[in-house]
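[1] have a look at this fold, sequence not included:
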Ligand SMILES: Cc1cc2nc3c(=O)[nH]c(=O)nc-3n(C[C@H](O)[C@H](O)[C@H](O)COP(=O)(O)OP(=O)(O)OC[C@H]3O[C@@H](n4cnc5c(N)ncnc54)[C@H](O)[C@@H]3O)c2cc1C
């Protein structure tokens, strides 16, 4: 099929400017360096004392720098990571200043709109704004509101119940088992059907000599607009090198150079190359190994196609397990557990503000609903991540992810006139907003035959900058995904537009993943606070393994001393009363379990 003749004509404009754009990127630049805060640089080596300029970057730029005593001729003058981004962006479209970022976010990012969100009327976060689609599920009846369920005879009796078998749940189950717990891992679909298995670009960890967890910490907090929970970020970045080692020991095959050393790339908002990847199927590789490992440990029981529909509290208010529903028979099954880990992932299938999504079909916010009903608070639920580069063509690919690794390898967004218009490695929310501005305000986007907006992502640049064959080697899944529709992304650019990718917020947790309900833990995308208001690429695969492992440790430890009292669904009755008192009149039920794509009339 390929592009229509009209789109082909526009793609040729991209090809026409490609050589010039690449020449700009690769041409040596003169940087005039002057440092205002501590006086002029005296020696070129002073540059290495600017935080963010490591040995690698110094080597790359030193020949291009001349020093000056003249204030005003300043390219390198402050001691922050912003300057580093500028240096790393030499030859790219100029990165935005903080003020420019704020402006574009406020005008174009869906989170900043007045519409599409409303304050919750029930529960711990009453009064706080969340997306309408999510509020609809919070302000809905329990699936068990009218059910008669015998809680006294559990079908399963375990130490640790893990809900959700993506990367976070799998990590939690493995570690809890190693800590001596009897573990039950229940999941909604097949074991591994998850966002984790779809992850493409990579996982961050500061494990190279020019990097360290403190620099990683600063990047995470900067990317999150300084809103992140610092203790959670410290846990994330400190555990990261250990987690890479753990995954490799289990059998994950990260990309390595000829010397057998793991190679790393940049992602948006990273000041060091710390993205480890396995082609563009990093999540599939991680999930393959975690799932195999679980299947090789008979002490971990796995139950598939059995979504949890409600948590259970005991008479002391501790979490004592959950009710799950067999998707085939519709029967409810009771799990009694000394401790419980929620690891149910994200929210993409709610299609917030009508956006398409990169997420798998099970990403329907179930764990958030379960946790909220028993009284766990939510953080940053008004903050949703729209990935800048979702496929905008062909129609069969709409919303599917084009990994940030494509930009990491050298491709850049280009408008309908073949012009670059944004630094390709801005943090995701900023990059997305800039793409929307190009289409919606400047009218420089491309309209697809079905009326969708898009800009070009000039993937053929990768082959020129990195060498022929790079795309098939580094992005084999993307290559195949587009070839299937007659588009060779090593020769033709892709059409992209922001797509709903990730929920930045989630259930409130402490660094050990505990929630305010004793015996209840949460890990992975379902938890909030780590990434603040904007997650950087590669930090979620990291978060799910770091906090999944921590959840395994904490849940097993809690289970060792715990006794489960009488199981109750009293919190459901309380919640139903609250709905009534708040005047919520609805026949909606939640959790959603699966999205409903049936065509509806009226
Ligand atoms: C296309 C794509 C590409 C991505 N690429 C990257 C990347 O390169 N790097 C990066 O860091 N991050 C990436 N991410 C984000 C990252 O993959 C996810 O945030 C992360 O994997 C989530 O892991 P999780 O274990 O928390 O949830 P998931 O992996 O989604 O697992 C949740 C599991 O819980 C199950 N579940 C849901 N509800 C219930 C219920 N009621 N009862 C029982 N089970 C339930 C689900 O079926 C699923 O199996 C990507 C995401 C997507 C969608």
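    Received the coordinates, thanks. This one's a predicted model, so the numbers in the text were calculated from it and none came from an experiment.

[2] how about low-confidence regions in this structure?
    Applying pLDDT under 70 to the chain flags residues 26-42, 44, 47-91, 600, 602.

[3] mind checking the SS state of residue 226?
    Following DSSP: H, G, I helix; E, B strand; the rest coil, the label given to residue 226 is coil.

[4] count of neighbours near it?
    Using other Cβ atoms under 10 Å, residue 226 has 10 neighbouring residues. Glycine gets a C-beta too; all of them are placed from N, C-alpha and C.

[5] state the three-state secondary structure for the nearest residue to it once chain neighbours are set aside.
    Of all residues not flanking residue 226 in the chain, residue 532 sits nearest, at 7.2 Å (Cβ to Cβ, 6 or more residues apart in numbering). At residue 532 the chain is in coil, as set by three-state DSSP.

[6] residue 532 contacts residue 224, doesn't it?
    Yes. Counting by Cβ atoms under 8 Å, residue 224 is a contact partner of residue 532 at 2.7 Å.

[7] intersection of neighbour lists for those two?
    With contacts taken as Cβ atoms under 8 Å, 6 or more residues apart in numbering, residue 532 and residue 224 have residue 504 as neighbours in common.

[8] so how far is stretch 303-316 from its chain's centroid?
    Relative to its parent chain, stretch 303-316 has a centroid offset of 26 Å by Cα atoms, centre = their mean, to the nearest Å.

[9] ok, it near the ligand or not?
    Yes. Using Cβ under 6 Å from any ligand atom, stretch 303-316 reaches the ligand at 307-308.

[10] just stretch 487-496 next, same as before
    No. Stretch 487-496 is not in contact with the ligand by Cβ under 6 Å from any ligand atom; minimum separation 13.6 Å.

[11] show residues contacting that stretch.
    Counting by Cβ under 8 Å, 6+ apart, 2-3, 7, 11, 14, 388-394, 402, 406, 411, 413-414, 435, 446, 448, 454-460, 462-463, 468, 471-472, 475, 478-479, 482-483 sit against stretch 487-496.

[12] any idea how far apart the tips of it sit?
    Separation of the first and last residues of stretch 487-496 by Cα to Cα, to the nearest Å is 14 Å.

[13] list the buried residues in that stretch.
    Residues of stretch 487-496 classed as buried: 487, 489-490, 492-496 (neighbour count, 16 or more other Cβ atoms under 10 Å).

[14] wait, which of these is closest to the ligand?
    residue 496 (13.6 Å; Cβ to the nearest ligand atom).

[15] helix/strand/coil for that closest one?
    strand.

[16] which strand residues bridge it?
    On the basis of DSSP bridges, residue 496 is bridged to residue 391, residue 455.

[17] start to end distance for stretch 524-543?
    End-to-end distance of stretch 524-543 (Cα to Cα): 6 Å.

[18] anything in it near the ligand?
    Yes. Stretch 524-543 reaches the ligand (Cβ under 6 Å from any ligand atom) through 524-526, 537-541.

[19] now do stretch 350-370
    Yes. Contact of stretch 350-370 with the ligand (Cβ under 6 Å from any ligand atom) involves 358-359, 362-363, 366.

[20] same check on stretch 127-140?
    No. Looking at stretch 127-140 against the ligand by Cβ under 6 Å from any ligand atom, there are no contacts, and the closest approach is 11.9 Å.

[21] so how far is that stretch off the chain centroid?
    On the basis of Cα atoms, centre = their mean, stretch 127-140 sits 21 Å off its chain's mean C-alpha point.

[22] list the buried residues in it.
    The neighbour-count check on stretch 127-140 (16+ other Cβ under 10 Å) flags 128, 130-131, 133-140 as buried.

[23] then stretch 411-423?
    411-416, 418, 420-423.
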